[in-house]
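Engineer: pasting a predicted model and its sequence here:
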Amino acid sequence: MTRFTALLLTFFLWASLAQGAGLVASVDRSRVNSGETVELTLESNDVTLFGKPDLAPLEPSFEVRGTRQVNQLTTLSDESRATTRWIITLLPRQTGTVLIPALQLGEVQSQPITLQVIESAAQLPDSRMEPVFIDVSLDQDSVYVQAQALLTLHIYHSVALYDDSSLTPLQIGDARVEQLGEQRTFEKVINGVRHGVIEMRYAIYPQHSGALLIPAQTFSATMVDVKPSQEPAPLGPKPGKLIHVSSAEMPLSVKAKPAAYPADAPWLPARSLSLSESWNPEPDNLQVGDSVTRSLTLRAEGLSSSQLPPLPSSEVSGLRSYPDQPQLSNQNSERGLIGIREDSQALVPNRSGSIELPAVEVVWWNTFEDHLERSTLPARTLHVANNPSLVVDTPAGNPTPSSSVDNSSLWAWQLSTLLLACTTLIGFGLWWRARWQPAILRAAQTGPSPRTLLDDLKRASLANDPQATRQALDAWARQQPETLADMAARFVPLSDALDGLNGALYSETGQYWQGEELWRAIRTIPINERVQAPVADTSSLPPLYPK
């Protein structure tokens, strides 16, 4: 049995190593026009692989224009990782859906990839067949205000260029412009001539309705002089010819917000929009005082993350809510920008029973189908159980439901109340009798004095330490004539300061908590609600002959 287990573990280890050492295939573009090249990259972390992949399966559907191998060694945290990449330039032989087959290298194999090859427009006219020219296009002629228009710029050159090329930045006064990733380079055959292509893409968001004119951009570069020089150049190769070419201006019609859109909702023109939620941990076994984090994620295609509005927070009776900072991010896709916003908040139930979280709804305008849509998360019910190890103070204004009182134990509370009243009367009588007795020295107080506890509370709160402040606050509150909850109910600044302290304890923003507000609230509590430290009167001795 032991031998069988060892063989099984060896097999799983070999399988995991083989999977990690396999070939991972990727392409720089998943959609290309006919006549354009695409770069296929094969990557492996196995240093024992030698040679290059078998490219024979590519011949029926692609023309292999070139291959190159790149070896890279990365060191991270005293751990070295070697990576080998094979970059293959392919020219599709047909249009439509073309499959890049799996390629073999030794014992490993890459996964197949599907490529979309689109039939390109008719050949460009001869007037534009210059050594270097620019072609610019918009994905649509008309967009809504603050919606995305995708501008694609292609710089074609049939001659070699030096690496000193530059392109003027795209600046539009009435629109916000974001460049989509870095420039991409590939090749394309036009009228039988091979051209190098430099591609730039921009997301344009018009800020006002009406007519918008996208200005021209100028590309500058130096062409390599391929003619042989008649005289030797003593100071190096003869420089080529400097050229400047400009793109055409592009008009764009910007439509106003539709009248059917709700006036009280933020304007969200997107191609698609999704709303989702996640929990950490899952609120299946929730108890009073437990903390769970709810994250709402809004994902919109055609909008940047800065355009996405805050999602509604869970302000529900019976739940304490502590929101975190929103997480914003953008992703580039073939159809433009994808904005992502994630709003997270810590939720702490302060009572047991069922707590209903309302539905979350986001109104947006579908620019692809041109109509109003609503994305909704359904309502959810949280079932909260009692926590026997936690005593929760009842917040002011939220009395405990009478249904939670156990009628069977009511007589025990009545009996204890009667005993407390009797002992209180006896104690009052003893105190009244002691007032007429001769003055005696007070017995030394056991435990920390109220002044010491108050100093500990001051030191912890001014040090901005929420954990130490909570411990010092509980110790100080035990010597007060009233509970901390009663004082907070009567004194609003103390209630606000306690909410800030609880927020620091139950959320990830505790390191930014400032305790000066809590200390100021403690110091300003009315004098009859605090226990004063006993101060001995040392100015005079007790009388020798008391009356």
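Structural biologist: Looks like it arrived, so ask away.
Engineer: ok, which stretches of the protein are helices?
Structural biologist: Counting by DSSP state H, the chain has these helices, from start to end: 2-20, 410-434, 450-462, 466-477, 484-490, 492-506, 516-523.
Engineer: give me the buried positions along the fifth one.
Structural biologist: This means helix 484-490. 484-485, 487-489 (16 or more other Cβ atoms under 10 Å). Just so you know, the C-beta spots here come from the backbone N, C-alpha and C atoms, and that holds for glycine as well.
Engineer: redo the helices of the chain as TSV? Include distance to residue 215 and mean pLDDT.
Structural biologist: TSV is the format used below for the helices of the chain (distance: least, Cβ to Cβ, whole Å; pLDDT from 0 to 100):
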stretch	distance to residue 215	mean pLDDT
helix 2-20	50	43
helix 410-434	81	83
helix 450-462	58	84
helix 466-477	55	86
helix 484-490	62	82
helix 492-506	50	83
helix 516-523	53	86
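Engineer: contacting residues for the residue nearest the centre of the chain?
Structural biologist: In the chain, the residue lying closest to the centroid (Cα atoms, centre = their mean) is residue 327, at 2.9 Å. Contacts for residue 327 (Cβ atoms under 8 Å, 6 or more residues apart in numbering) come out as 340-342, 344.
Engineer: kindly recompute the last result at 10 Å.
Structural biologist: 295, 297, 305, 340-344 (Cβ atoms under 10 Å, 6 or more residues apart in numbering).
Engineer: from those, which is closest to residue 176?
Structural biologist: Nearest to residue 176, judged by Cβ to Cβ, of the contacts of residue 327 is residue 305 at 13.0 Å.
Engineer: look up how far residue 342 lies from the closest one.
Structural biologist: For residue 305, the distance to residue 342 equals 9 Å [Cβ to Cβ, to the nearest Å].
Engineer: which residues are common contacts for the two?
Structural biologist: Joint contacts of residue 305 and residue 342 (Cβ under 10 Å, 6+ apart) are 298-299, 326-329.
Engineer: strands of the stretch 101-250 of the chain, start to end?
Structural biologist: Assignment of strands within the stretch 101-250 of the chain using DSSP state E, counting those that start in this stretch yields the ranges 104-105, 108-109, 113-118, 132-138, 142-144, 149-157, 166-167, 175-179, 184-190, 193-206, 210-214, 218-222, 242-246, 250-255.
Engineer: which one of these lies nearest to residue 39?
Structural biologist: strand 184-190 (7.1 Å).
Engineer: for that closest one, list every residue counted as buried.
Structural biologist: 186-188, 190.
Engineer: I'd like to know which of these is nearest to residue 279.
Structural biologist: The closest of these, once distances to residue 279 are taken by Cβ to Cβ, is residue 186, at 44.6 Å.
Engineer: pretty sure that closest one sits against residue 66.
Structural biologist: No. Residue 186 is beyond contact range of residue 66, at 11.7 Å (criterion: Cβ atoms under 10 Å).
Engineer: show me the two of the shared contacts of residue 305 and residue 342 that sit farthest apart.
Structural biologist: 299 and 326 (13.5 Å).
Engineer: my read: residue 206 touches residue 174, true?
Structural biologist: Yes. Counting by Cβ under 10 Å, residue 206 touches residue 174, with 6.3 Å between them.
Engineer: which one's more surrounded, these two?
Structural biologist: With other Cβ atoms under 10 Å as the criterion, residue 206 and residue 174 differ in neighbour count, and residue 206 comes out ahead with 24 against 14.
Engineer: measure that one to residue 368 for me?
Structural biologist: 18 Å.
Engineer: what's the answer for residue 478, then?
Structural biologist: 64 Å.
Engineer: find the nearest non-adjacent residue to residue 310, please.
Structural biologist: Spatial nearest neighbour of residue 310, excluding adjacent residues (Cβ to Cβ, 6 or more residues apart in numbering): residue 343 at 6.2 Å.
Engineer: what's the closest of the strands of the stretch 101-250 of the chain to residue 520?
Structural biologist: Of the strands of the stretch 101-250 of the chain, nearest to residue 520 by Cβ to Cβ is strand 175-179, at 44.2 Å.
Engineer: save the strands of the stretch 101-250 of the chain as a markdown table, and put in distance to residue 98 and mean pLDDT too.
Structural biologist: What follows is the strands of the stretch 101-250 of the chain, written out as a markdown table (distance: least, Cβ to Cβ, whole Å; pLDDT from 0 to 100):
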| stretch | distance to residue 98 | mean pLDDT |
| --- | --- | --- |
| strand 104-105 | 19 | 86 |
| strand 108-109 | 19 | 86 |
| strand 113-118 | 5 | 89 |
| strand 132-138 | 23 | 93 |
| strand 142-144 | 32 | 96 |
| strand 149-157 | 21 | 95 |
| strand 166-167 | 31 | 92 |
| strand 175-179 | 29 | 95 |
| strand 184-190 | 16 | 88 |
| strand 193-206 | 19 | 94 |
| strand 210-214 | 33 | 95 |
| strand 218-222 | 31 | 93 |
| strand 242-246 | 32 | 90 |
| strand 250-255 | 31 | 95 |
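Engineer: of all those, which one is nearest residue 290?
Structural biologist: strand 175-179 (41.9 Å).
Engineer: what packs against the closest one?
Structural biologist: The helices and strands touching strand 175-179, judged by 3 or more Cβ pairs under 10 Å, 6 or more residues apart in numbering; DSSP states H and E, are strand 193-206, strand 210-214, strand 327-333.
Engineer: pick the most buried one from the ones you listed.
Structural biologist: Counting by mean count of other Cβ atoms under 10 Å, strand 193-206 has the highest mean neighbour count of those, with a mean of 19.
Engineer: and that one, how far out from the chain's middle?
Structural biologist: 30 Å (Cα atoms, centre = their mean, to the nearest Å).
Engineer: residues of stretch 248-256 that come out buried?
Structural biologist: Applying a neighbour-count criterion of 16+ other Cβ under 10 Å, one finds 250, 252, 254-255 buried in stretch 248-256.
Engineer: dump those residues into JSON lines; add distance to residue 81 as well.
Structural biologist: Converted to JSON lines, the buried residues of stretch 248-256 look like this (distance: Cβ to Cβ, whole Å):
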{"residue": "250", "distance to residue 81": "45"}
{"residue": "252", "distance to residue 81": "47"}
{"residue": "254", "distance to residue 81": "49"}
{"residue": "255", "distance to residue 81": "51"}
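Engineer: still on that earlier bit, for the strands of the stretch 101-250 of the chain, which one sits closest to residue 265?
Structural biologist: Between these, strand 142-144 lies closest to residue 265; by Cβ to Cβ that is 14.6 Å.
Engineer: show residues contacting that closest one.
Structural biologist: So strand 142-144 is contacted by 149-150, 204-206, 209, 212, 252-258, 261, 267, 269, 302, 365, 367, 370 (Cβ under 10 Å, 6+ apart).
Engineer: any idea how far residue 65 is from residue 182?
Structural biologist: In terms of Cβ to Cβ, residue 65 sits 22 Å off from residue 182.
Engineer: the more surrounded of those two?
Structural biologist: A direct count of neighbours by other Cβ under 10 Å for residue 65 and residue 182 places residue 65 higher, at 15 against 10.
Engineer: now that one. Nearest residue, chain neighbours left out?
Structural biologist: Nearest non-adjacent residue to residue 65, counting by Cβ to Cβ, 6+ apart: residue 89, 4.1 Å away.
Engineer: contact partners for that neighbour?
Structural biologist: If you count contacts by Cβ under 10 Å, 6+ apart, then residue 89 has 37-40, 62-68, 186-187 around it.
Engineer: of these, buried ones?
Structural biologist: For the contacts of residue 89, buried by 16+ other Cβ under 10 Å: 37-40, 62, 186-187.
Engineer: out of these, which is nearest to residue 105?
Structural biologist: Closest to residue 105 out of these is residue 40 (13.2 Å), distances taken as Cβ to Cβ.
Engineer: how does this structure divide into domains?
Structural biologist: Annotated domains of the chain cover 20-118, 126-226+238-255, 269-385, 450-529 [automatic domain parsing].
Engineer: much appreciated, bye for now.
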